[in-house]
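In: Fold the following, please.
(one chain, ligands or ions: 2)
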Amino acid sequence: MENFQRITLVHYHELALKGHNRKAFERKLMHNVDSLLHDRDYVERVMMISGRILVIYKDDACEDRVSFDVDLLCKVPGVARVSCGFSCQRDIQVMNRAAERALREAGNFDTWKVVAKRSHTDFPIDSMEMNQLVGEYLCGRFPDKKVRMKGADVEVHVEVVQGRCYVYARSVPGIGGLPVGTAGKVVCLLSSGIDSPVAMWRMARRGATCLAVHFSGRPQTVDTSEYLADDICHVLEEFGGVARMFVVPFGDYQRQIAAMVPPQLRILIYRRLMMRVATRIARREGAKALVTGESLGQVASQTLDNLACTQAATSMQILRPLIGCDKLEIIADAQKLGTFEISSTPAADCCTLFMPRSPETHGKIAEIEEAEAALPLDQWVKELCRSAEEHVYRCPSSYCKMPDGSYGFAVDARNARERLDAQEGLDGCGGLEPQGSLDGILREI
Ligand code: ATP
Ligand code: MG
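Out: Ligands and ions are numbered 1, 2, ... in the order given. From the prediction side, this is the model:
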C-alpha cells in the first residue's frame, strides 16, 4: 500500500470565542499539546495551521501509536475534536488515493461524503470540483457503500492548505473546555474518594492549573490513601490535569482535636483545619481558589449550614464544581476519567479516623469558634504545612521549552523548601492574607 505521511489535526472551538485573547489561548493549547508529545520519537513536528494544531508523524509511525495519541489528545482540556489521516502532495491523483486510505482506516460505516476545502487559490481545482473528483474516485473504490449528503456516517475531509493537502476521515470528539494554564492556579483538596478527583478534573477542563493537597491519617493510619491519591494524580497527569500534590500527615492533629472538642463538632473542625492548611499552601503557591468535591446534602458535613462553617475558616474562595451533582453523575464522570476503580479501593484515611457517632448537621459558627479557641491553630497550620510532602507531576504549566527544543521543569521541586522558608519569614501575615512580596516565588509556575 502507498505510504502517506500520517498526521493528526487537533481542533478547538471554545477558544474561538475569546476575541482578542484568541492568540494567547491558541499558543497555550499548542504548548500543552507539544509538551505532551515532545518525548515521542515518532513525532516529526507539532505546528499551527489555519486554526488547527497539526501533528506530523515520521514515516515509521504505525497506526496503533497514532491511535494511542489520538485517545490521549481527546482528553486534553481545550481540544474539541481530533482527526487523523494523511498529508500528501497537491496532486488530485495522490489526493484520491490518500482519501481512499483514510476512509479504509475510518472504522465501520455505511454512508459517506466528501468535504473538500481549498484554502489557497493557487491550487487550480476549486472546492466544488475537488468534491466531485474525489467523490467519483471513492465511489469506484467503495461500490457497496452509499453517498449521503446529510448525516453521513463518515466525512472524508480533503483540505488544501498552503503547499500541502491534508486528508482525514476518522474524527473523535475531545473533552472541550479551555487549555490548562489559561485560568490561573487552584488548590484542590483531594481525598482518595470518588468526588474530589472529578472536581479537580472539571477545574482542569476550565483551564485551571491544579495543585492537590491530600490529608492522610498517618501516623494514626497506614499510608494507603496516599498511594491512591498518587495513583489518581497519575491518571490526571496524563493530560496535564495536575501539577503537584502536597501530602499532609494529619492523624495526630485529628487525635488531638478528638480529645479537645465536643464529638459532634469534630468533623467540622477537621475540615476547617484542612481549609486553613490548604489556604496557606495556596497563598504560598499563588493559587486564587480552593476546590473541593462537595455536593449539597451528600453527607452530614455538606449541608448549607456546614458548608458555610467550612467557608468561614478561610478568606479564600472555595469552588465546589460538583455542588449540584447527583452521586450517579459523579460516578459516571469518574468512570470516564478513569479514577473510579482507584477511588473504590478501600483505604483508611483521615476521614475514617475518630469519627463521631452523630455529627452536627447544622453547625453554628459561634459555637465552633468557641470550641476552636482552645486549639493552637496557628501553630498547627504552620507545622502541618512544614510537614507536607511534595509530589511533582508532568503538567504543561510547569514545563517550559528550552533553547534546544526540549522541555524542562519551570520550577524545580527542590525549591519547595525555599518557598516554605520564605513564607515562614513573613509570618506576620498569619499565612492567610495575600503575600505580595512573594511575587517572585509565585511566578515560578
Ligand atoms: P470525595 O468527596 O473526594 O469522594 P469523601 O467522600 O471521602 O471524598 P467527603 O466527606 O465527601 O469525602 O469530603 C468532602 C470534600 O472534602 C472532598 O471532596 C475533598 O475535597 C475534601 N476532603 C475530604 N477528605 C479529604 C482528605 N483526606 N484530603 C483532602 N481533601 C479531603
Ligand atoms: Mg464526597
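
In: Would you confirm that S225 contacts S343?
Out: No: look at S225 against S343 with C-beta atoms under 8 Å: they stay out of range, at 10.4 Å. For every residue, glycine as well, the C-beta is placed using N, CA and C.

In: Now the common contact residues for these two.
Out: S192 (C-beta atoms under 8 Å, 6 or more residues apart in numbering).

In: Pick out the residue of the stretch 101-250 of the chain closest to ligand 1.
Out: Ligand 1 sits closest to G193 of the stretch 101-250 of the chain, with a gap of 2.3 Å, by C-beta to the nearest ligand atom.

In: now that residue: how far from R90?
Out: Between G193 and R90 the computed distance is 55 Å (C-beta to C-beta, to the nearest Å).

In: Next: K150.
Out: Applying C-beta to C-beta to K150 and R90 gives a distance of 29 Å.

In: V160 looks like it's in a helix, true?
Out: No: under DSSP: H, G, I helix; E, B strand; the rest coil, V160 sits outside any helix and is assigned strand.

In: Now do the contacts for it.
Out: Neighbouring residues of V160 by C-beta under 8 Å, 6+ apart: R90, K117, R118, S119, H120, F123, M130.

In: S225 and S343: who's more crowded?
Out: Ranked by neighbour count (other C-beta atoms under 10 Å), S225 and S343 place S225 first, with 26 against 22.

In: Ramachandran angles for that one?
Out: With angles defined as degrees, to the nearest 10, S225 sits at phi -60, psi -30.

In: quick revisit: tell me which of K150 and R90 has more neighbours.
Out: R90 (18 against 6).

In: From ligand 1, how far off is the more buried one?
Out: Relative to ligand 1, R90 is positioned 53 Å away (C-beta to the nearest ligand atom, to the nearest Å).

In: Touching, that residue and Y166? I think so.
Out: No: using C-beta under 8 Å as the test, R90 is too far from Y166 to be in contact (10.5 Å).

In: Which of the three states applies to G174?
Out: From three-state DSSP, the assignment for G174 is strand.

In: Would you quantify the distance from it to L189?
Out: Separation of G174 from L189 (C-beta to C-beta) stands at 27 Å.

In: Tell me if I am right that the residue of the stretch 101-250 of the chain closest to ligand 1 is in a helix.
Out: No: G193 is assigned coil when assessed by three-state DSSP, not a helix.

In: Nearest spatial neighbour of it, chain-adjacent residues omitted?
Out: Among residues not flanking G193 along the chain, S343 sits closest, at 5.6 Å (C-beta to C-beta, 6 or more residues apart in numbering).

In: Phi, psi for the one you found please.
Out: phi -70, psi -20.

In: check contacts around it.
Out: Counting by C-beta under 8 Å, 6+ apart, S343 makes contact with S192, G193, I194, P197, L228, I232, A334.

In: let's go with 7 Å and repeat that
Out: Contacts for S343 (C-beta atoms under 7 Å, 6 or more residues apart in numbering) come out as S192, G193, I194, P197, I232, A334.

In: Check what pLDDT the residue nearest to the first one when sequence neighbours are not counted gets.
Out: Closest residue to S192 apart from its sequence neighbours, by C-beta to C-beta, 6+ apart: L228 at 3.7 Å. The predicted structure scores L228 at 96 on the pLDDT scale.

In: In which helix or strand does L228 reside?
Out: Applying DSSP states H and E as the criterion places L228 in helix 224-237.

In: ditto for V248
Out: For V248, the host element (DSSP H and E) is strand 244-249.

In: and the next element down the chain from that strand?
Out: For strand 244-249, the succeeding helix or strand toward the C-terminus, using DSSP H and E, is helix 251-260.

In: Can you name every helix or strand that that following helix contacts?
Out: Using 3 or more C-beta pairs under 7 Å, 6 or more residues apart in numbering; DSSP states H and E, the elements in contact with helix 251-260 are helix 266-285.

In: how about the strands of the stretch 1-150 of the chain, start to end?
Out: For the stretch 1-150 of the chain, applying DSSP state E, counting those that start in this stretch gives strands covering 5-11, 43-49, 52-57, 79-88, 111-118, 146-147.

In: Mean neighbour count and mean pLDDT added to those strands, as TSV?
Out: Formatted as TSV, the strands of the stretch 1-150 of the chain follow (neighbours: other C-beta atoms under 10 Å; pLDDT from 0 to 100):
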stretch	mean neighbour count	mean pLDDT
strand 5-11	22	95
strand 43-49	15	92
strand 52-57	21	94
strand 79-88	23	95
strand 111-118	19	96
strand 146-147	13	96
